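1. I would like to see how this sequence folds:
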Amino acid sequence: MASFIAKQLVGKQLNAVKGAVGGGGDDKKDEDEKKTEDGEDLEVLEARREEEERRRERHRKAEEEREEVRAQIRKKYNIKKKETFSAMEDPNRAGQIGRKRKTPEELAAEARGESTEDDGGQGGFLPGNMSEMQAKLTEGPGQLLSSAQEKCSVM
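-> Numbers count the residues shown, from 1 in each chain. Reported below is the predicted structural model:
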């Protein structure tokens, strides 16, 4: 670490001396022409771009190999391939994670729909057959009491 710092300090001073003594100003102009507006060399940018392409190609090949292995496993154990979920099908949601959010109009329509349904104060949360069961359970004790009074007489 110390050698790096020393090299940096001495290197800056040497570059200043080289430019002043040996007419190194021409080299500096050539270097400036090779740089982009971001201040980076074209060669560096090209090398980064090529490395990124190589990395993407490696990942693509690895994913193809993984998919082949998955297909072999699905074939061996008779497993059906899962359907792709809707976010992959909808190009507008390609980068989103999670569910689609409801618009204010959808929320208002849903609120109106729940307020018009009368499910015994449950707000439409119970399905139809559960509502029937609830009605039977609330009527049951009353029917039991009335049938017991008919069968038994108090003297």
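2. right, and the helix or strand after the helix or strand bottoming out on mean pLDDT in the chain?
-> When each helix and strand of the chain is scored by mean pLDDT, DSSP states H and E, helix 86-89 comes last, with a mean of 51. Where DSSP states H and E defines the elements, the next helix or strand beyond helix 86-89 is helix 104-116.
3. show me what whichever helix or strand comes after that next one is packed up against.
-> Downstream of helix 104-116, the next assigned helix or strand under DSSP H and E is helix 128-151. Packed against helix 128-151, as judged by 3 or more Cβ pairs under 8 Å, 6 or more residues apart in numbering; DSSP states H and E, are no other helices or strands. For glycine as for every other residue, the C-beta is placed from the backbone atoms N, C-alpha and C.
4. can we start the residue count at 115 from this point?
-> With 115 as the first residue, the last one maps to helix 242-265.
5. and helix 242-265, what's buried?
-> If you call a residue buried by 16 or more other Cβ atoms under 10 Å, then helix 242-265 has these buried ones: residue 245.
6. tally of neighbours for residue 178?
-> Residue 178: 9 surrounding residues under other Cβ atoms under 10 Å.
7. what average pLDDT does the strand or helix carrying it get?
-> Element membership for residue 178, per DSSP H and E: helix 156-191. Mean pLDDT, helix 156-191: 95.
8. cool, and stretch 120-131?
-> Rounded mean pLDDT across stretch 120-131 is 71.
9. I'd like the distance between residue 192 and residue 184.
-> 14 Å (Cβ to Cβ, to the nearest Å).
10. what's the answer for residue 164, then?
-> 30 Å.
11. likewise for residue 152?
-> 42 Å.
12. repeat that for residue 166.
-> 27 Å.
13. next one: residue 120
-> For residue 120 relative to residue 184 (Cβ to Cβ), the value is 54 Å.
14. how about residue 121?
-> Distance from residue 121 to residue 184, by Cβ to Cβ: 51 Å.
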